[in-house]
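K.L.:
compute the structure for the input listed below.
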Amino acid sequence: PPAPRAMGYFGVSAGAAFPLQNTSDVYGVGPHITATLGVNAPTGILGLRVDGTFSTLYGKNIVGNGFSSAVFGRGGLNAPALSVITGGLNGVIRAPFGILASSGFYIFGGGGVAHVRSFVQRGNNVLGGEQNLTRGMLNGGAGIDIGRRDKGALFLEGRFMQIYTPGEKINIVPVTLGVKF
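P.N.:
Numbers count the residues shown, from 1 in each chain. Here you go, the predicted structure:
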């Protein structure tokens, strides 16, 4: 019989990005999309994938969250929306189940780069000083997919993303629903 081949796939998903910790002081929930290109080992549980993501977090009125209105003038400041574009490489560990070839639970983790646009921070950074940055990013998450890769598979996943900006880090948890082919 022929040797098993690695299973490659492409996936797209959409959902919501939830800010965590100090990031949620300034930003609220917004939309998130992900595109994934990956490969799973033919007989094992390991895989590798490249993810590209785009998130928008909507700015809040930040007076009263530890920010001084004197910095922004009377009435405070509505933080601008935060846009985050990431690209990263992730290792995947799968736990297949059922009779369908691509159904299973999985965890993933890795790192890459993130470009953030229009953000406000506390800490070591001057508020409103930098509007665009490209920095390192780490992420990890878990998901479940159900279906057959040759016919398509639905998946639901969540991940934790930490972006290493000056001062306080940006922490986001996107939760998405998508399809793999």
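K.L.:
going along the chain, name the strands of the chain.
P.N.:
7-19, 27-28, 30-40, 46-59, 82-96, 104-117, 132-148, 152-163, 170-180 (DSSP state E).
K.L.:
redo those strands as CSV? Include mean pLDDT.
P.N.:
What follows is the strands of the chain, written out as CSV (pLDDT from 0 to 100):
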stretch, mean pLDDT
strand 7-19, 94
strand 27-28, 86
strand 30-40, 95
strand 46-59, 93
strand 82-96, 93
strand 104-117, 95
strand 132-148, 92
strand 152-163, 94
strand 170-180, 95
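K.L.:
any chance of the ones you listed in a markdown table, with mean neighbour count too?
P.N.:
All C-beta spots, glycine's among them, are computed from the backbone N, C-alpha and C. Output for the strands of the chain, formatted as a markdown table (neighbours: other C-beta atoms under 10 Å):
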| stretch | mean neighbour count |
| --- | --- |
| strand 7-19 | 18 |
| strand 27-28 | 21 |
| strand 30-40 | 18 |
| strand 46-59 | 19 |
| strand 82-96 | 17 |
| strand 104-117 | 18 |
| strand 132-148 | 17 |
| strand 152-163 | 19 |
| strand 170-180 | 20 |
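K.L.:
could you measure from the residue nearest to Lys169 when sequence neighbours are not counted over to Phe18?
P.N.:
In space, and not counting its chain neighbours, Lys169 is closest to Gln162: 5.3 Å by C-beta to C-beta, 6 or more residues apart in numbering. Going from Gln162 to Phe18 by C-beta to C-beta, to the nearest Å gives 13 Å.
K.L.:
same check, this time on Val173
P.N.:
Val173 is 5 Å from Phe18, by C-beta to C-beta.
K.L.:
before we move on, what about Pro80?
P.N.:
For Pro80, the distance to Phe18 - C-beta to C-beta - is 19 Å.
K.L.:
ok so, going back, specify the beta-bridge partners of the residue nearest to Lys169.
P.N.:
Leu138, Asn171 (DSSP bridges).
K.L.:
show the contacting residues for it.
P.N.:
Contact partners of Gln162, counting by C-beta atoms under 8 Å, 6 or more residues apart in numbering, are 137-139, 169-171.
K.L.:
good, we can wrap up now.
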